[in-house]
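J.: let me see the structure of the following:
(one chain, ligands or ions: 1)
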Amino acid sequence: MFCQEQKVAESLTTPSIHSLEKFKSALKRRIQLRVPKDVELIDRLNIYVTGGDIHECLWHWSCYSHFSYNSRIERLEQKGSNVKKAFNT
Ligand SMILES: [Zn+2]
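T.: Alright, predicted model coming up:
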């Protein structure tokens, strides 16, 4: 099981291959970002992905889309590179 939150309003679904692939690439990018508040979650998800259990996983659609939302990750990546720039000057 993937999601550990209890959401009464939303049922758990099995992800499609397509959304799994999208999710994996989002996860890779987030691993590189190492956003402190996400690190614990990302480590846990990474164990699922590398452990192969992901094919048996269940998740909330809203959790998935929140996690792999592209422009949000891009914003984080941008923020990360700005921080690096500030360090280098
Ligand atoms: Zn969830």
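
J.: name the nearest residue to residue 10, ignoring sequence neighbours.
T.: Nearest non-adjacent residue to residue 10, counting by Cβ to Cβ, 6 or more residues apart in numbering: residue 60, 4.9 Å away. No exception for glycine: its C-beta is placed from N, CA and C like everyone else's.

J.: which parts of the protein sit against the ion?
T.: Where the chain comes near the ion, counting by Cβ under 5 Å from the ion, the residues are 3, 5, 60, 63.

J.: tabulate those (a markdown table), appending distance to residue 49.
T.: Putting those into a markdown table (distance: Cβ to Cβ, whole Å) gives the following:
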| residue | distance to residue 49 |
| --- | --- |
| 3 | 14 |
| 5 | 19 |
| 60 | 17 |
| 63 | 15 |
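
J.: now, of those residues, which are buried?
T.: Buried members of those, scored by 16 or more other Cβ atoms under 10 Å, are 3, 60, 63.

J.: show the low-confidence segments of the chain, by residue range.
T.: Along the chain, the model assigns pLDDT under 70 to residues 1-2, 52-55, 88-89.
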